Structures are given as structure tokens and as C-alpha cells.
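Colleague: quick one: sequence and predicted model below, then my questions.
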Amino acid sequence: MSAAVYLKTIDAVRDCPATLKTARLKAEAFTRNRGMSFRQAPSFILDMSKTTLQTRLNLFYDKTKGGEPISQQAFSKLRMNFDHSPFEKMVRATVAKQYSEIFDMPMFCGYHVFAVDGSYIRFTL
């Protein structure tokens with residue numbers, strides 16, 4: 001799957017109103033226009049930079065929207081308002097897209113069945 005298709009699949013899940021509705025831990029979360037929206041939060045979390053949180057926030061705001069970035073405390077409070085379900089939906093959507101393009105094989109109870117053996121083979125020439 002190309003990177004563009006992968007990103008479009010993630011965007012479709014992230015932008016879906018049902019994702020926000022099911023991910024909210026409180027009914028009043030993500031209803032006002034704040035420094036970082038629900039749509040931007042998963043993108044920021046998926047950015048795997050190896051720097052401090054405030055440095056990541058500064059870079060994220062420079063790249064995306066400009067202006068003053070939110071604080072580390074504000075981001076932590078934002079993160080506590082939704083559960084892991086958006087990330088699970090993103091993974092399931094990309095896996096379903098990937099398997100639908102590559103595998104044209106029968107399914108067992110709605111699943112592709114794969115087996116992995118824990119042993120290894122030593123090849124000698």
C-alpha cells in the first residue's frame with residue numbers, strides 16, 4: 001500500500017464524526033474550539049519524534065497551524081479526554097485495506113488465517 005493511500009485511510013477514520021463520538025470519555029470533551037482539536041491530537045501522538053513533549057508541540061505548531069503552541073499540561077489534559085479507540089480503528093482500517101488489496105484468499109469465520117512456527121531452520125551450503 002502506498003503512503004498516500006495509508007494516510008488517506010487514517011484521515012478517513014480520524015475525520016469520521018463517529019470516531020470522535022465513541023472516543024470521548026466525557027460528553028463535553030472536544031466541543032469547543034481549543035488550541036488543538038481532536039483531529040490534530042492523534043496526528044501529534046503518532047509523530048514519533050525522540051524529543052521532549054514541549055519541543056514536539058513547538059515543531060508541530062510550526063509545521064501545521066502556526067501560532068502559540070499549547071503547553072505540556074494542556075496536551076496531557078487533552079489526551080486524558082479520549083481513549084485508545086481511534087488508534088485501534090486506524091490500525092484495523094489500514095489492515096483491512098491492505099488485506100483487501102493483496103489477498104484474494106478464502107476466509108475462515110471472517111478472518112485470514114496465518115500460522116507462525118517458533119522454530120528456525122539452519123541453512124548450510
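Modeller: Received the coordinates, thanks.

Colleague: for the strand or helix carrying S43, packing partners?
Modeller: Remark: S43 resides in helix 40-46, with elements defined by DSSP states H and E. On a contact count with 3 or more CB pairs under 8 Å, 6 or more residues apart in numbering; DSSP states H and E, helix 40-46 meets helix 53-63, helix 72-79, helix 85-102. C-betas here are computed from N, CA, C, even on glycine.

Colleague: let's have the ones you listed in JSON lines, adding mean neighbour count and mean pLDDT.
Modeller: Below are the helices and strands packed on helix 40-46 laid out as JSON lines (neighbours: other CB atoms under 10 Å; pLDDT from 0 to 100):
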{"stretch": "helix 53-63", "mean neighbour count": "15", "mean pLDDT": "90"}
{"stretch": "helix 72-79", "mean neighbour count": "14", "mean pLDDT": "90"}
{"stretch": "helix 85-102", "mean neighbour count": "14", "mean pLDDT": "82"}
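
Colleague: buried sites along the helix holding S43?
Modeller: Q40, A41, P42, S43, F44 (16 or more other CB atoms under 10 Å).

Colleague: R14 is in contact with the fourth one, correct?
Modeller: Put plainly, it is S43. Yes - contact between S43 and R14 holds when scored by CB atoms under 8 Å: they sit 7.3 Å apart.
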